[in-house]
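[1] got a predicted structure plus its sequence, pasted below:
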Amino acid sequence: MPEPSDVTQLLFAFRDGDPAAFDRLVPLVYEDLRRIARRQLARHEADGVLDTTGLVHESYLKMVHQRRADFEGRAHFLNVAARAMRQVIIDHARRRLAEKRGGGLIRTDLRTGLAATEETRAEWLLALDAALDRLAGKSPRLARVVECRFFANLSEEETAEALEISLRTAQRDWMKARAWLREELRGAEN
């Protein structure tokens, strides 16, 4: 397990313009990235087209090319990685939908993230992504809490740390965001 100070120093070096720092950082957090990727794929990708390693590597490519990466610590970095993974999964779902052009009802479950059938999974992910973008327009912090809790599968404590908010605020925000998304996604089904 790497020392938190090692990870933080590399994050600050990358933020300050040292591109090699990112390459030295990734091996230190690689297992964390794989854990996040495994959880996201278990929730969103039952078809096996994306695998854990592929998702981590595609996310790495998205992150390494960021011009202004202002990582504030390990938890914030993992939150940004989860957001990059979300983008990769959503892009994959868009490509799949473009190929299939399927239809049907969208059944949502924010606890498991599973759609009712494989045919609607991509549609559900796109509906969730659009709803999350709308939520971000109303409350960026609520959207970030969803990214931490749902996409990165961070604990309440890790979410609070990543967003620099109190644990109780993270808990309240998660409850508010889930309720808002449930209502928003219910409207997408009708």
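    That came through, no problem. Small disclaimer: the values here were computed from a predicted structure and weren't measured. Residues are numbered from 1 along each chain as shown.

[2] any regions of the protein where pLDDT drops low?
    Scanning the chain for pLDDT under 70 picks out 1-4, 44-49, 66-69, 99-120, 187-190.

[3] rerun at 50
    Filtered on pLDDT under 50, the chain yields the residue ranges 46, 102-108, 114-116, 190.

[4] for the chain, which segments count as helices?
    4-15, 19-44, 52-64, 74-100, 118-138, 140-146, 156-163, 167-189 (DSSP state H).

[5] make TSV from the ones you listed and add mean neighbour count to it.
    In short, each C-beta sits where N, CA and C put it, glycine included. Rendered in TSV, the data for the helices of the chain read as follows (neighbours: other Cβ atoms under 10 Å):
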stretch	mean neighbour count
helix 4-15	16
helix 19-44	17
helix 52-64	17
helix 74-100	19
helix 118-138	18
helix 140-146	21
helix 156-163	20
helix 167-189	16
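
[6] between the two ends of stretch 143-158, what distance do you get?
    15 Å (Cα to Cα, to the nearest Å).

[7] so how far is it from its chain's centroid?
    In this view, stretch 143-158 has its centroid 8 Å away from the chain centroid, taken as Cα atoms, centre = their mean, to the nearest Å.

[8] then stretch 32-40?
    Offset of stretch 32-40 from its chain centre (Cα atoms, centre = their mean): 10 Å.

[9] same check on stretch 10-23?
    From the chain centre to the centre of stretch 10-23 is a distance of 22 Å (Cα atoms, centre = their mean).

[10] likewise stretch 157-175?
    That offset, for stretch 157-175, works out to 16 Å (Cα atoms, centre = their mean).

[11] first vs last residue of it, how far apart are they?
    The straight-line separation of the ends of stretch 157-175 (Cα to Cα) is 15 Å.

[12] so what touches it?
    Stretch 157-175 has contacts (Cβ atoms under 8 Å, 6 or more residues apart in numbering) with 72-73, 75-76, 78-79, 141-142, 144-146, 148-149, 154, 156.

[13] repeat that for 7 Å
    Contacting residues not belonging to stretch 157-175 are listed as A75, H76, N79, R141, L142, R144, V145, C148, R149, L154, E156 [Cβ atoms under 7 Å, 6 or more residues apart in numbering].

[14] next: stretch 21-35.
    With contact meaning Cβ under 7 Å, 6+ apart, stretch 21-35 is reached by 2, 6-7, 10-11, 13-14, 52, 56, 60, 64, 77-78, 81.

[15] which two from those end up farthest apart in space?
    A13 and T52 (27.3 Å; Cβ to Cβ).

[16] ok, L97 to A21 distance?
    Distance of L97 to A21, given as Cβ to Cβ, to the nearest Å: 37 Å.

[17] please consider this matter closed, and thank you.
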